[in-house]
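> give the three-dimensional model of this entry:
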Amino acid sequence: MLELAILGFLYDTPLHGYELRKHITALTGHVRPVAESTLYPAIKRLEKAGLLVRETQPGAAAAPRHVLSLTEEGRAELRGRLTEPARPDITDENRWFTVLAFLRHLDDTAAQAAVLRRRLSFLEEPASFFYEGERALRAEDLPDPFRRGVLTIARATSRAELDWLRTTLKDLEAPGH
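Reported below is the predicted structural model:
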């Protein structure tokens, strides 16, 4: 997820590390704060793989800034990761939001629609956070108001996402789009 976010934000524009960290934190920080000790090793891995380059520029103060930008290989890597996201990128809500944030970088609307269809298929599978044996429990089945709250909120969120997915798919798959 972190590497995808790095590639996605740098696809838009070159950034220095601090700016990149702010962007990633805005996208994922409420769930998974991005520490420097996590971000900079990921940047180095991507740099070593030839997916991004670092250019030193004079800073506004005395310290120079290291500006990061994607190589053509990095742009292709992002598009590849977006075209074929791993199953956890589809099923984990936080990872899904990272994919969704950069899906516009796929120029092919059919490829975008294929990714959305995978998420739609996942959301249409019956699921619950709580089970009685093999039977998925619904909010109405639970006497515990807090667990009932979890399921009620999850149901509302899923319904909103399903509506958005179906509408967006219809738009993407419309003739002439």
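
> where along this structure do the helices fall?
Applying DSSP state H to the chain gives helices spanning 2-12, 17-28, 36-48, 72-83, 87-91, 93-102, 109-124, 145-172.

> quick one: low-confidence parts of this protein?
29-32, 59-62, 177 (pLDDT under 70).

> okay, now the domains of it?
As recorded under automatic domain parsing, the domains making up the chain are 1-83, 108-177.

> what's the end-to-end length of the longest one?
Think domain 1-83. For domain 1-83, the first-to-last residue distance is 15 Å (CA to CA, to the nearest Å).

> deepest in the core, which of the domains of the chain is it.
Stretch with highest mean neighbour count among the domains of the chain: domain 1-83 (a mean of 16; mean count of other CB atoms under 10 Å). C-beta: built from backbone N, CA, C; applies to glycine.

> report the central residue of this protein.
residue 98 (1.1 Å; CA atoms, centre = their mean).

> who's in contact with it?
1, 4-5, 8, 27-28, 89 (CB atoms under 8 Å, 6 or more residues apart in numbering).

> give me that answer again for 7 Å
Neighbour list for residue 98: 1, 4-5, 27-28 [criterion: CB atoms under 7 Å, 6 or more residues apart in numbering].

> and what of residue 125?
Contacts of residue 125 (CB under 7 Å, 6+ apart): none.

> tally of neighbours for residue 96?
21 (other CB atoms under 10 Å).

> that one is in contact with residue 90, isn't it?
Yes. With contact defined as CB atoms under 7 Å, residue 96 counts as touching residue 90 (6.2 Å).

> now do the shared contacts for these two.
Common neighbours of residue 96 and residue 90, using CB under 7 Å, 6+ apart, are residue 119.

> out of the domains of the chain, which comes closest to residue 102?
Checking those against residue 102 by CB to CB gives domain 1-83 as the closest, at 3.5 Å.

> tell me how far the closest one lies from the chain's centre.
Centre-to-centre, domain 1-83 and its host chain are 15 Å apart (CA atoms, centre = their mean, to the nearest Å).
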